Structure formats: C-alpha cells, structure tokens
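In: Quick one, structure for this:
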Amino acid sequence: MAKKMIIKGVGTFMAKRYPTDPMGAIEVITLGTLQDLKIDLNVELEDIFGGDGLFAIDVLVKSKSIEVSATDAKFDLDAIQLMMGSTVQEQVKSYVWVLNEQSTTAAGVANSGFAESKPNYASKIYGKDGGITVRLKDSNTLLKQLSTKGTTVAPDQFFYDEANGVVVMNAAHIGKEIVLNYKRDQIVDMVDLLVDEVPFPISVIHHGTFQQKDGSFAGVETELFMCRAKGTFSINAQRAAASASAISLQILDPERADGKIGSIKRFSAPSKI
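Out: All right, here's what the predicted structure looks like:
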C-alpha cells in the first residue's frame with residue numbers, strides 16, 4: 001500500500017501545447033506563481049430501480065470528468081493564451097495609451113496667435129496623431145479635432161501639429177489646464193483577442209514536493225494527457241489589493257490506445273525537487 005503524505009503547499013503547474021505540425025516543437029507554458037490549485041475528479045451516477053423497492057438495485061455510470069482550477073498570484077499572458085487560444089507575441093512594436101495626462105497651455109511658439117501644449121511623450125506619439133483627445137479640465141468640455149489647422153481654430157476645436165509635436169487650440173485657452181489621452185510607441189508582449197479562435201488542447205502537469213514531519217520529502221505529481229480551458233477567466237483588479245487571475249481546465253479524451261487519460265503519482269525524494 002502506498003504511503004500517506006501531507007501536502008503542504010501549492011507546487012508548480014506546467015502545460016504543453018502540441019504543434020499542429022508533427023515535426024514542430026512542443027510549446028511549454030508554465031504558471032509558476034500559484035496561489036492555489038484544485039483538481040476535482042467527478043463521477044455522475046444514475047440509480048437503476050426495479051420492482052417496488054425504494055432502494056436502487058444498481059447504478060449506471062453516466063459520465064466521468066476531471067476539472068483543474070488554478071489561481072496565479074502574478075498576472076501572466078500565458079494564462080490568457082490558454083483561455084482564448086491566442087498566441088503570445090513577445091517584444092513587438094505596438095502602443096500603449098497615456099490616460100489623463102494633465103498640462104497647462106501656453107502661448108504658441110511654433111503656432112503664433114494660438115494656445116499650445118506639448119504632450120509628455122510627444123516624441124513617441126503612435127501613428128499620425130496617436131488618437132489624441134483633449135478635454136478642458138475646468139468645464140469638462142471635450143474639444144473636436146481638426147484634420148488641418150487652417151487660419152483659425154474655434155474655441156471648441158483643436159489641431160495636433162505633428163511636425164512640432166504640440167496640441168494647438170484657440171488663443172482663449174492660453175493658461176488653461178487640459179487633460180490629454182493619446183497613444184505612444186511601446187515595445188510590448190501582447191496577446192491579440194480574436195473572434196474566431198478557440199482554446200487549444202493541452203496536456204498539463206502539476207508537481208509538488210513537500211517536507212514531512214520526519215524530515216523526509218514526499219511528492220505528488222498529476223499528469224492529464226489532454227485538457228481544454230473552460231468557464232470564465234477573471235482578472236480581479238481592486239484598490240489596495242494584489243490582483244490574482246484564475247483559469248479552469250476540463251479534461252478531454254486523448255483517445256490513446258491504452259485508454260489512459262492521465263495519472264497521479266506519489267514518490268519519495270532525498271530533497272525538494
């Protein structure tokens with residue numbers, strides 16, 4: 001009979017995505033900073049009755065299922081990749097938004113007779129105008145953007161001077177506080193969320209080695225040969241609290257010749273693995 005052990009920790013979790021090309025490389029996805037991990041093994045039974053008896057004479061096994069729920073203490077794009085079926089793109093040129101940047105306008109230098117304001121990241125504005133928006137702070141009025149400056153700019157309008165990297169407004173706004181939102185260039189790791197992608201099948205391994213009260217080390221390893229993400233992926237961001245994201249996986253039939261869907265192993269080790 002296998003020895004009993006006490007699990008004192010959360011261990012580590014790894015997923016393997018198999019390539020569609022048989023000659024392609026296996027992609028390994030690791031969620032290494034777990035808060036918790038739960039594996040539920042479910043069996044659904046249906047009672048079979050016969051005669052006038054009040055107790056079932058037998059049971060019918062309707063289904064078996066295994067579900068894995070993992071909560072990661074650190075935000076990880078790999079978890080979104082598992083859930084949405086998208087691919088993580090590393091170190092690509094894209095943009096991030098600068099939100100609620102506040103500044104005070106001054107008399108125009110490059111545009112005499114107008115009010116000007118230079119965004120903090122004017123040298124990194126994404127694209128032609130960075131999708132810039134301008135709002136007067138005091139009145140909370142959103143100004144309309146002009147495609148060209150022309151000879152005049154109305155009090156409810158603005159123009160972005162790409163050559164000089166400044167926002168140009170009516171002279172009536174000189175000395176006023178404004179709020180800017182715009183895109184700036186940034187090298188990012190990114191997952192595109194697409195309408196037609198679905199979670200891809202993966203195999204998962206959960207591994208943990210824990211010291212027992214006698215000083216020895218015992219480990220448990222669960223391997224499931226084919227799973228797919230299901231349910232809701234949540235990013236719970238809140239004030240004065242660290243956000244944790246959770247993902248759930250449901251086992252699929254890997255259709256192996258030996259009929260196995262996975263394994264759970266208990267082992268002893270001289271040290272933590």
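In: and residue 65, what does it touch?
Out: For residue 65, the contacting residues are 41, 42, 44, 250, 251, by Cβ atoms under 8 Å, 6 or more residues apart in numbering. C-beta here means a position set from N, CA and C on the backbone, and glycine is covered the same way.
In: For the first one, give me the pLDDT.
Out: So that's residue 41. What the model reports as pLDDT for residue 41 is 91.
In: quick one: which helix or strand includes it?
Out: strand 34-48 (DSSP states H and E).
In: Next: the fourth one.
Out: With elements delineated by DSSP H and E, residue 250 resides in strand 245-251, which encompasses its position.
In: Which stretches in the stretch 101-250 of the chain count as strands?
Out: Ranges of strands in the stretch 101-250 of the chain, per DSSP state E, counting those that start in this stretch, are 106-107, 115-117, 133-136, 141-142, 144-146, 157-161, 166-169, 177-191, 202-211, 217-235, 245-251.
In: Of all the ones you listed, which one is nearest residue 61?
Out: Nearest to residue 61 among the strands of the stretch 101-250 of the chain is strand 245-251 (15.7 Å), distances taken as Cβ to Cβ.
In: C-terminal to that closest one, what's the next element?
Out: Note on strand 245-251: by DSSP H and E, the next helix or strand toward the C-terminus is strand 262-269.
In: Need the contact partners of that next one.
Out: Outside strand 262-269, the residues within contact range by Cβ under 8 Å, 6+ apart are 2-3, 5, 66, 209, 216-225, 251.
In: Show the low-confidence segments of the stretch 151-273 of the chain, by residue range.
Out: Residues of the stretch 151-273 of the chain meeting the criterion pLDDT under 70: 273.
In: Give me the packing partners of the strand holding residue 41, helices and strands only.
Out: strand 12-17, strand 58-72 (3 or more Cβ pairs under 8 Å, 6 or more residues apart in numbering; DSSP states H and E).
In: now do 10 Å
Out: In terms of contacts (3 or more Cβ pairs under 10 Å, 6 or more residues apart in numbering; DSSP states H and E), strand 34-48 is packed against strand 12-17, strand 58-72, strand 202-211, strand 217-235, strand 245-251, strand 262-269.
In: Please produce TSV containing the ones you listed, extended by distance to residue 156.
Out: Listed next are those as TSV, based on distance: least, Cβ to Cβ, whole Å:
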stretch	distance to residue 156
strand 12-17	52
strand 58-72	47
strand 202-211	54
strand 217-235	38
strand 245-251	42
strand 262-269	64
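In: Who wins on neighbours among the contacts of strand 262-269?
Out: Per-residue neighbour counts (other Cβ atoms under 10 Å) across the contacts of strand 262-269 peak at residue 224, which has 23 neighbours.
In: Quick check: beta-bridge partners of that residue?
Out: Judged by DSSP bridges, the bridge partners of residue 224 are residue 204, residue 262.
In: for the one 4 residues further on, same thing?
Out: Following DSSP bridges, residue 228 is listed with bridge partners residue 250.
In: separation between it and residue 251?
Out: Using Cβ to Cβ, to the nearest Å, residue 228 is found at 8 Å from residue 251.
In: Over to residue 90?
Out: The spacing between residue 90 and residue 251, counted by Cβ to Cβ, is 30 Å.
In: just residue 226 next, same as before
Out: Going from residue 226 to residue 251 by Cβ to Cβ gives 7 Å.
In: Are there residues contacting both of the two? Which ones?
Out: The contact sets of residue 226 and residue 251 overlap at 204, 261, 262 (Cβ atoms under 10 Å, 6 or more residues apart in numbering).
In: Closest one to residue 34 out of those residues, please.
Out: Proximity of the shared contacts of residue 226 and residue 251 to residue 34 (Cβ to Cβ) peaks at residue 204, which lies at 12.4 Å.
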